[in-house]
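Have a look; sequence and predicted model below, questions after that.
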Amino acid sequence: MMSVLVLLMCCTLVVQQSLAFKEQDFKKCASNGFCQRNRGVKGTKYSVDPSSISTGGGALTATLSNTAASVQFNLTVKAYGPVLRVIVDEPAAEKPRYQIPDILMPGLEENQTAWETTQATAHTWSGKVGGVAVKLTFANFKLEVLVKNKPALVLNSRSMFNIEHRRQKQEGDPADWWEETFNGHTDSKPLGPQAISLDMVFLGSQHIYGLPERATNLALKPTAGVSEPYRLYNLDVFEYEHSSPFGLYGAIPVMLAHNEDMTIGTFWLNAAEMYVDVESAKAGQAVQWISESGVLDLFVMTGPGPADVTQQYASLTGTTAMPQLFALAYHQCRWNYKDEADAYAVDAGFDEHNIPYDVLWLDIEHTDGKRYMTWDKRLFPNPIPMLQDIASRGRKMVTIVDPHVKRDLNYYIHKEATEKKYYVKKRDGGEFDGWCWPGSSSYLDVTSPVVREWWATQFTPNKYKGSTKDLYIWNDMNEPSVFNGPEITMHKDIVHFGDVEHRDVHNIFGYYYHLATAEGLLNRGKLTDLYGKDGDRPFVLSRSFFAGTQRVGPIWTGDNAAQWSHLAVSVPMLVSLNLAGLPFSGADVGGFFGNPDPELLTR
């Protein structure tokens, strides 16, 4: 498997604080309608219509029915060599369910492998591709996966599969189907309930891994009937707790199981909020996934070895972007270096004490009133000479650029974004106005390719005034963080490009912002007058992430604490990220909150 990257940077908030995770700010399963309705529910009735089975075009297709509700869905099972793909979608209604673009590697369908039917009866269909075989049971829908004739994974063996189909609102419907309120915030649900539940058993496996990001053990502990399920919902979690199943800044819906015979992995391509329950069963580790919306688009990486699973996942979402050499070195960051004199003094201090370092970081206070890609003219009056001086000793600088844009028509980014209608919208069509570091802020709709292309033009020196070729970028708060929003994030009924609700794209928002920023530095790197014919690779650090982030740039584990417990938990956090395909990751050395003692900082 991939090795853990040496911790990225030393970053600290120097004011001592008493740490307190504000549990009341965040939902639990019981306060989230879709989770409460589906968690632990068994005995659902779904069946496959035998007459609908087809293997034309290489894929297995069939009609899957909810027999209790008389509703039909489309089932597709594909193979890309040793990787299986199971898709369940609702037939196109007035508004199709959301499917994520931009994550899977191009050319995937060219690698599709046709099924060889091995048995077809009135009750089951069996087929194989190479050493991987599947058996589809029609009545009480079930799908079994075998690797080299050994049972590996079974879907819906506990009859927990369920799709909340589209419907018209009727009098007497449960209240949380069409509206839900939490901490004074109301989520209108114009499409009603649309959750998906899926159960699977990793046969013969006693340990499972994955589902970053959370500050807990590497092997996922059982949660069913014991604790809160694991949650995947990118959030700005201030002062997070160690040893907790609570989800943090990023989400990768990847899970791996390992036993003496094989390693197998699953990846659900879905960016909506998810809960995952784990239960130790006699047959192996049993799991229930619950997603609020979207489609079931499940990939099964059949290994059979750990390295095989890693390679198979990389074939789907890409490999790690080649980092610049300086990116692997020591980075010095703090909230906050107050002015140019402070920055010069820190730089000189490393030389005075003969401590090597390669990158100096500036947080939000260097800007003109939290207007990103600007400079406070009083505190940083001469940014270019400062950058050039630090670069003269082979060093780089990084500035922070967050996704919230100060609502000030004298600020060029906001003025142009407003004119071009590039912000996310409220349901009534008006610009969403949230609260973050600058105060009143709007958020670029980076789910739009047009907006991402525009954002990627903002990083050349003629646009980003005061920047040079040796300045790189840090994306923070891109979950996105909205101080006055529900759970300190964006309302789920906000509208994005293509009339898509935020609930469908929440976990991918930060990825898109990271991607667009990296594209901006990639564009800058092509300027031969700056970098010559060899060009320059991007370096953009992100706090939020999703599957595929590895091919964009690195991430870090957010606002940890200067405590031994946080140092200890950083190791399984980073290994978990590695297992989920994101090896270029690190934690703040010495912690962000509080002041480390010398021994803690040294360790």
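Structure's in. What do you need?

can you give me the helices in the stretch 251-400 of the chain?
Assigned by DSSP state H, counting those that start in this stretch, the helices in the stretch 251-400 of the chain fall at 306-317, 340-352, 383-391.

now the ones you listed as a markdown table including distance to residue 194, mean pLDDT and mean neighbour count?
From N, CA and C alone the C-beta is placed, and that goes for glycine too. Shown next, in a markdown table, are the helices of the stretch 251-400 of the chain (distance: least, Cβ to Cβ, whole Å; pLDDT from 0 to 100; neighbours: other Cβ atoms under 10 Å):
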| stretch | distance to residue 194 | mean pLDDT | mean neighbour count |
| --- | --- | --- | --- |
| helix 306-317 | 25 | 98 | 20 |
| helix 340-352 | 50 | 98 | 15 |
| helix 383-391 | 49 | 98 | 17 |
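
Please name whichever of those helices is nearest to residue 485.
Of all these, it is helix 306-317 that lies closest to residue 485, at 28.7 Å by Cβ to Cβ.

Can you list the helices and strands that the closest one packs against?
Using 3 or more Cβ pairs under 8 Å, 6 or more residues apart in numbering; DSSP states H and E, the elements in contact with helix 306-317 are strand 83-89, strand 254-258, strand 263-268, strand 296-301.

Serialize those to CSV and add fields for mean neighbour count and distance to residue 149.
Shown next, in CSV, are these (neighbours: other Cβ atoms under 10 Å; distance: least, Cβ to Cβ, whole Å):
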stretch, mean neighbour count, distance to residue 149
strand 83-89, 21, 16
strand 254-258, 26, 18
strand 263-268, 26, 14
strand 296-301, 23, 16
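
could the ones you listed be laid out in CSV, adding mean pLDDT?
CSV is the format used below for the helices and strands packed on helix 306-317 (pLDDT from 0 to 100):
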stretch, mean pLDDT
strand 83-89, 98
strand 254-258, 98
strand 263-268, 98
strand 296-301, 98
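
nearest to residue 166, of those?
strand 83-89 (11.5 Å).

The closest one pairs with which strands, and in what direction?
Take DSSP bridges as the rule and strand 83-89 pairs in its sheet with strand 71-80 (antiparallel), strand 296-301 (antiparallel).

by contact count, what packs against the helix or strand following it?
Using DSSP states H and E, the helix or strand that follows strand 83-89 in sequence is strand 116-120. Under the contact definition 3+ Cβ pairs under 8 Å, 6+ apart, strand 116-120 sits against strand 124-129.

Any chance you could list what contacts the strand it packs on?
53, 55, 60, 79, 81-82, 113-120, 133-138 (Cβ atoms under 8 Å, 6 or more residues apart in numbering).

if you set the cut-off to 6 Å instead, what comes out?
53, 79, 113, 115, 116, 117, 118, 119, 134, 135, 136, 137 (Cβ atoms under 6 Å, 6 or more residues apart in numbering).

can you redo the helices and strands packed on helix 306-317 as CSV with distance to residue 396?
Formatted as CSV, the helices and strands packed on helix 306-317 follow (distance: least, Cβ to Cβ, whole Å):
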stretch, distance to residue 396
strand 83-89, 39
strand 254-258, 32
strand 263-268, 34
strand 296-301, 37
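
can you give me the strands in the stretch 401-550 of the chain?
Listed in chain order, the strands of the stretch 401-550 of the chain (DSSP state E, counting those that start in this stretch) span residues 404-406, 434-436, 439-443, 471-475, 495-496, 500-501, 540-542.

looking at those strands, which is closest to residue 246?
strand 540-542 (20.0 Å).

which other helices and strands contact that closest one?
Of the remaining helices and strands, those touching strand 540-542 by 3 or more Cβ pairs under 6 Å, 6 or more residues apart in numbering; DSSP states H and E are strand 471-475, helix 502-525.

The last one: how far from the chain's middle?
So the one you mean is helix 502-525. 11 Å (Cα atoms, centre = their mean, to the nearest Å).

What about the residue nearest to residue 67 when sequence neighbours are not counted, how many residues nearby?
Distances taken as Cβ to Cβ, 6 or more residues apart in numbering put residue 45 closest to residue 67, at 4.5 Å, once the chain neighbours are dropped. Neighbours of residue 45 under the rule other Cβ atoms under 10 Å: 15.

if we can go back for a sec, so for residue 291, which of the strands of the stretch 401-550 of the chain sits nearest?
Residue 291 sits nearest to strand 500-501 of all these, at 13.7 Å, using Cβ to Cβ.

circling back: JSON lines for the helices and strands packed on strand 540-542, including mean pLDDT?
Shown next, in JSON lines, are the helices and strands packed on strand 540-542 (pLDDT from 0 to 100):
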{"stretch": "strand 471-475", "mean pLDDT": "98"}
{"stretch": "helix 502-525", "mean pLDDT": "98"}
